[in-house]
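In: starting from these lines, generate the structure:
(chains A and B)
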Amino acid sequence: MDVKRQRRAPILEALEEYKEMRIVPFDVPGHKRGKGNRELTEFLGEKCLTIDVNSMKPLDNLCHPISVIKEAEALAADAFGAKHAFLMVGGTTSAVQSMIMVACKRGDKIIMPRNVHKSAINALVVCGAVPVYVNPGINKEVGIPLGMSYEDVKKAILENPDAKAVMVNNPTYYGICSPLKAITELAHEHGMLVLADEAHGTHFYFNDNLPASAMSVGADMASVSMHKTGGSLTQSSLLLINNDVSKGYVRQIINLTQTTSASYLLMSSLDISRRNLALHGKEIFDNVIRMVEYARDEINKIGGYYAFGRELINGDTVFDFDVTKLSVHTREVGLAGIEVYDLLRDEYGIQIEFGDIGNILAIVSVGDNLLAIDRLVSSISEIKRLYAKEDITMMLDHEYIDPEVVMTPQDAFYAPKTSVPIKESCGAVSSEFVMCYPPGIPILAPGERITQDILDYIEYAKDKGCSLTGTQDIDIKNINIVTQL
Amino acid sequence: MELWYTEEHSDNVRFSIRVDKQLYSGKSEFQRIDILYSNEFGTFLTLDSLMMLTEKDEFIYHDMIVHVPMAVNPAIKKVLVIGGGDGGTVRELARYKTIEQIDLVEIDEMVVEACRKYLPTTTCSLDDERVNIYYEDGLRFVRHIENEYDLIIVDSTDSFGPGESLFTKAFYGNCYKALKEDGILVNQHESPYYAAYANSFKRAHSRIVEFFPITKVYEAHIPTYPSGYWMFGFASKKYDPVEDLKADEWNALKLETGYYNTDLHRNCFSLPNYVKRILEDSDE
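Out: Next up is the predicted model:
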């Protein structure tokens, strides 16, 4: 990384110059630097509205970057150690989908863990690629799905030598990393691409005390959620490419679905955050690591709760652990994760990232301080004192159920189907998704068999207050099942 | 030269004091600290440009935050003061020979150091042998404590800034846990007048009510605080602040005070209707 170059922020600089030019806008957006929408300007601030502008020569164009966006992308690539970086404005969802559509055409196989984010399986519905799922390991104690074991990936590769790519979560939502370097080497020996979903791993690129990043171990593509832990605006993201992946082809694929009116608010936020991470990332994440370690120790002192950490590492399905993830197992306190999540918000004014069946996850980042951490810890401690339940026998103890895949996601999604009450769907093949959001990891994906175990899980999650999504029926009472296999 | 300290009591109201000279200005990890001298109010302390105390009227605040609970339970032996780095609350507590231990938990050591230098009238008892000073977050300190204190005094800044966590449900719950079964919690309770302060006033009350069977609010006239009208909260597991007042016992101590007396004690819990209504609203 060239530190001197990293001090630049070409998009920010171009926008500042553009403001100086005092151009009279007779182009879109129609709010004309906010003058046409006073209420919005009042709410968001004039500074924000004056740079909500359209692509033009001095500001470049994300669909075909030749000047300042090109420079910003080159700087991002340099900061992340990639061959090239694409600024993304459709969230990491669009980055994940682009990776898959670059690697696979209709009918091509892709090896992936089943606990991927729904954006990955959505991509399969769109492009018609066929998933070869590797079941993630499960930690019995805390019930969470882990990474893929090296041997399982090897088996999938040997059984499916025609597969085009292997996809890896680096890390999972809970901070679990698979043996990415070994998997990458193995996949490359068999001529397969390695795609990393690094939605939760932006910070890996800027601190040596964190797990290895995808680019550093030679993976071919990675989707990096700058907005999650990197400080940029919501919906902004990066797609990194490496090795022999064609920059031009990736751009074509991105342009199939990406907006032609990319927001300069999002792009400048990527530019500024990249600069900040490149220049100060090490100290920022040193500080985050210190804060989370403190929180983990304090929470574990309360008793009952288990804030897990590096002790989970087993060299395989937990090859490494991202210590910046503050995940807490809540089942022994007699509360579902989602219940603690709701209590924190409703009673203590604290919003955390998610709560599921047995765990909660709090995101700690560049924007936090110890006072806020202590507020979180004290609130968690009070929740135990005031709400803990003795009897935990009726509580579900796992977050993941191995699916039986009957059809490809695309075939199932477009198959002849009928809507039936979800309770009566046992044994049928689902044509759609069911998931808790967050975290957005499907309980059921299109093409999978609906089992009693899955129905019990859905019922339990609903009962505890999880927000379920995915089905055509917004109330999640009915589900579309495939009528013609 | 004209030099004025101006504080915005609301977006539309300003309060100004002519300043003779600035004695100290510093920036800590938590806040900006200024100490100024005025011919009208003497030396005064501001944190993040908000008035904390003046030499001339601090006796009102410190009388009311200390003597009210002490006259309800003169047997109090172990006291926790959260905030209060200026030392005024500790000074009043230290006058009771029967108190055995005073723990002061102040997040900002720079406040204490600056006050020791420029406000000796309030810091004079910080070196009393019964006093232990801890420089840490009050919320963190109280989290680990159970059934230990007879009295907790929350002598905090406002509910915005570093004092924010001292207005949370987690904090009040932790205080409840840290108090003995006849424990008393007294807190700086903001003002019911201007909207921003009235919101904190209301929120604090509704959170305290969730934990303590007895919760009352009392008033004092503090000229240099927004609206000049300030509130304190009295919460207890056992004592009613008026019915259980030990007036004779307290008067027998013969403590000289500038504001507090036991007649005023009985009356300061009588509140104007508009304040009562805010409290009723927050009870719902």
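In: which one is whichever residue of the stretch 201-350 of chain A sits closest to chain B nearest to, not counting chain neighbours?
Out: Residue of the stretch 201-350 of chain A nearest chain B, by C-beta to the nearest C-beta: residue A:348 (5.5 Å). In this view, the C-beta of every residue, glycine as well, is placed from N, C-alpha and C. Using C-beta to C-beta, 6 or more residues apart in numbering or on different chains and skipping the chain neighbours, the partner closest in space to residue A:348 is residue A:379 (4.0 Å).
In: what do you get for residue A:112?
Out: That would be residue A:167: by C-beta to C-beta, 6+ apart, it lies 4.0 Å from residue A:112.
In: how many neighbours does that neighbour have?
Out: Residue A:167 has 28 neighbours, counted by other C-beta atoms under 10 Å in any protein chain shown.
In: what of residue B:97?
Out: 8.
In: in a strand, it, correct?
Out: No. Using DSSP: H, G, I helix; E, B strand; the rest coil, the assignment for residue B:97 is coil, not a strand.
In: which of the three states applies to residue A:75?
Out: Of the three states, residue A:75 takes helix according to three-state DSSP.
In: residues in contact with residue 169?
Out: The chain I'm using is chain A. By C-beta atoms under 8 Å, 6 or more residues apart in numbering or on different chains, residue A:169 lies in contact with A:113, A:115-117, A:147, A:176, A:178, A:196-197, A:200.
In: try again with chain B
Out: Taking C-beta under 8 Å, 6+ apart, one finds A:347-349, A:379, A:382, B:207, B:210 in contact with residue B:169.
In: selection in ChimeraX covering whichever of these are buried, please.
Out: To isolate the buried members of the contacts of residue B:169 in ChimeraX, using 16 or more other C-beta atoms under 10 Å in any protein chain shown:
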select /A:347,348,379,382 /B:207
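In: tabulate the contacts of residue B:169 (a markdown table), appending secondary structure and distance to residue B:79.
Out: Converted to a markdown table, those look like this (DSSP: H, G, I helix; E, B strand; the rest coil; distance: C-beta to C-beta, whole Å):
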| residue | secondary structure | distance to residue B:79 |
| --- | --- | --- |
| A:347 | helix | 29 |
| A:348 | helix | 27 |
| A:349 | coil | 29 |
| A:379 | helix | 25 |
| A:382 | helix | 23 |
| B:207 | helix | 22 |
| B:210 | coil | 24 |
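In: looking at the contacts of residue B:169, which is nearest residue A:325?
Out: residue A:379 (18.7 Å; C-beta to C-beta).
In: confirm for me that that closest one is in contact with residue B:171.
Out: No. Look at residue A:379 against residue B:171 with C-beta atoms under 8 Å: they stay out of range, at 9.3 Å.
In: quickly list the domain ranges of the chain.
Out: Since you didn't name a chain, this refers to chain A. A:56-277, A:279-387, A:409-482 (automatic domain parsing).
In: was after chain B, sorry
Out: Taken from automatic domain parsing, chain B resolves into B:4-54, B:58-283.
In: can you tell me the strand partners of the strand or helix carrying residue A:111 and which way each runs?
Out: Assigned by DSSP states H and E, residue A:111 belongs to strand A:109-113. Strand A:109-113 sits in its sheet next to strand A:130-134 (parallel), strand A:165-169 (parallel), going by DSSP bridges.
In: low pLDDT regions in the stretch 201-350 of chain A?
Out: Within the stretch 201-350 of chain A, no range satisfies pLDDT under 70.
In: where along the stretch 101-250 of chain B do the helices fall?
Out: B:109-118, B:120-123, B:138-143, B:169-178, B:195-209, B:247-252 (DSSP state H, counting those that start in this stretch).
In: hmm, I typed the wrong one, I wanted the stretch 351-485 of chain A.
Out: Counting by DSSP H, counting those that start in this stretch, the stretch 351-485 of chain A has these helices, from start to end: A:370-387, A:409-414, A:452-464.
In: which one of these lies nearest to residue B:195?
Out: The nearest among those, by C-beta to C-beta, is helix A:370-387 at 24.4 Å.
In: so what's the model's average confidence on the closest one?
Out: The average pLDDT within helix A:370-387 is 95.
In: for the helices of the stretch 351-485 of chain A, give me TSV that also has distance to residue A:228.
Out: Below are the helices of the stretch 351-485 of chain A laid out as TSV (distance: least, C-beta to C-beta, whole Å):
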stretch	distance to residue A:228
helix A:370-387	18
helix A:409-414	25
helix A:452-464	23
